[in-house]
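*Asks:* Requesting a structural model of the entry that follows:
(one chain, ligands or ions: 1)
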Amino acid sequence: AAILSTVLQGRSKVYRADLEQAIDQLIHIELPKVRIFKGDNMMALRQFLNVLCLFSPLNVSGKLLLQRLYEFVNGSTSGELTGMAFQAQVQLLEGMQPKVFKARRYVGCIASGPFLRGFTCSLWTLFHYFTVQASKSLILPAGFVLGTVHGFVKHFFGCRDCVQHFMGMSERRKIFSVASRDEEILWLWEAHNEVNQRLEGDITEDPKFPKVQFPTLSVCGNCQINSLHNTTWQRPQVLSFLKELYDGRNLSNYGLP
Ligand code: FAD
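*Replies:* Next comes the predicted model:
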């Protein structure tokens, strides 16, 4: 209850605990569910681990764990790996080093009731965070992170409906034509807002966290101009806002032990 009221009162923030929970669930639950990594989904896995290694907000042990996992997956000479072998390797590597995952609950993604928010919220947060880190580091070519998000959703996101919608939207919004890192940030922002609009009033909506077009005026006063019937987004201001919000240096440690 204390976390929920803090988050509801606070301005928009990104919490390290949510990113950690997302990665925790991904490597311990979602990826081990995959029967076999081979061909396209192996490529998607390698690409995803590559981005995680570069930008993960985990501590030193966490970064080491991801690096070793990436090397293990890349070192598979047959180019194939079962989900069970992936899971066994995670356990083996975790046994060799200090505990990595300490967050025990969501903070910014906390829900007001069961079956709401949580993992999917943390996944969006992780994806936005990736696009912003990529724009700051310049290590990866433009488009790489969106390609990675696309591959991840296509092959590993458990919500079938969401995958279908996201694939349709990616084609319509030409995800593979995005030509700059800043445009990657904005592509994901607009795509997420499209999903928010579609889900407004849906049964999956948490009443305490209604679906809105983001960022709202209350968190970014100059991101939109409103007339009676229209909202005009100020894209340069939205970009600056997102770069600030999802910057690794601005993550909140609230809720972590
Ligand atoms: P979320 O929408 O999960 O957002 C998480 C946080 O991101 C918010 O709290 C806010 O701080 C921030 N945020 C919100 N909008 C933006 C934005 N535009 N740009 C940057 N930051 C933003 N559910 C379905 O029922 N059907 C679907 O088709 C579907 N498709 C999905 C596709 C993907 C790729 C993902 C990751 C999730 C999808 N979901 C879908 C889940 C759904 O979008 C929400 O994650 C879920 O309903 C929980 O919503 P939430 O209120 O926690 O906020």
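*Asks:* For the rest of this, base every contact and every neighbour count on C-alpha atoms.
*Replies:* OK.
*Asks:* Can you name the element that comes right after the lowest-mean-pLDDT helix or strand in the chain?
*Replies:* Ranked by mean pLDDT, DSSP states H and E, the helix or strand of the chain with the weakest confidence is helix 2-9, at a mean of 78. Following helix 2-9 in sequence order, the next helix or strand is helix 16-25 (DSSP states H and E).
*Asks:* does that following helix come close to the ligand?
*Replies:* No: against the ligand, helix 16-25 shows no contacts by C-alpha under 6 Å from any ligand atom, the least distance being 10.0 Å.
*Asks:* State the mean pLDDT of that helix.
*Replies:* Average pLDDT, helix 16-25: 97.
*Asks:* same deal with stretch 144-163?
*Replies:* Across stretch 144-163, pLDDT averages out at 97.
*Asks:* Go ahead and flag the most central residue of this structure.
*Replies:* Among the residues of the chain, the one closest to the centroid is L126, at 2.3 Å (C-alpha atoms, centre = their mean).
*Asks:* what about the one residue in the stretch 1-150 of the chain that gets nearest to the ligand, neighbour count?
*Replies:* Here the stretch 1-150 of the chain gets closest to the ligand at one residue, C121, 3.2 Å apart by C-alpha to the nearest ligand atom. Other residues lying near C121 total 18 when counted by other C-alpha atoms under 10 Å.
*Asks:* can you pull the contacts of it?
*Replies:* C109 (C-alpha atoms under 8 Å, 6 or more residues apart in numbering).
*Asks:* Could you list the buried residues of the helix or strand hosting it?
*Replies:* C121 belongs to helix 119-137 when assigned by DSSP H and E. Neighbour-count burial for helix 119-137, counted by 16 or more other C-alpha atoms under 10 Å, picks out 119, 121-135.
*Asks:* Show me the strands in this structure, by range?
*Replies:* Listed in chain order, the strands of the chain (DSSP state E) span 36-38, 80-82, 224-226, 231-233.
*Asks:* what helices or strands is the third one leaning on?
*Replies:* With contacts taken as 3 or more C-alpha pairs under 8 Å, 6 or more residues apart in numbering; DSSP states H and E, strand 224-226 sits against strand 231-233.
*Asks:* Now the strand it packs on: average pLDDT?
*Replies:* What strand 231-233 shows for mean pLDDT is 94.
*Asks:* Direction included, what does that strand pair up with?
*Replies:* Strand pairing for strand 231-233, using DSSP bridges, gives strand 224-226 (antiparallel).
*Asks:* which residues make contact with stretch 33-53 from outside it?
*Replies:* With C-alpha under 8 Å, 6+ apart as the test, stretch 33-53 has contacts from 63, 66-67, 69-70, 73-74, 79-84, 130, 145, 148-149, 151-152, 155-156.
*Asks:* switch to 7 Å and redo it
*Replies:* Stretch 33-53 is contacted from outside by 63, 66-67, 70, 73-74, 79-83, 148, 151-152, 155, using C-alpha atoms under 7 Å, 6 or more residues apart in numbering.
*Asks:* Report the lowest-confidence entry in these.
*Replies:* G79 (90).
*Asks:* count of neighbours near that one?
*Replies:* Count around G79 with other C-alpha under 10 Å applied: 13.
*Asks:* How about the contacts made by it?
*Replies:* For G79, the contact set (C-alpha under 7 Å, 6+ apart) comprises K38.
*Asks:* Now do it against T148, distance only.
*Replies:* 19 Å (C-alpha to C-alpha, to the nearest Å).
*Asks:* what does S252 give?
*Replies:* S252 is 25 Å from T148, where distance means C-alpha to C-alpha.
*Asks:* Same drill for the two, tell me which one is more crowded.
*Replies:* Per other C-alpha under 10 Å, whichever of S252 and T148 has more neighbours is T148, with 22 against 16.
*Asks:* picking that back up, closest to V195 out of the buried residues of helix 119-137?
*Replies:* Within the buried residues of helix 119-137, proximity to V195 (C-alpha to C-alpha) peaks at W124, which comes in at 11.0 Å.
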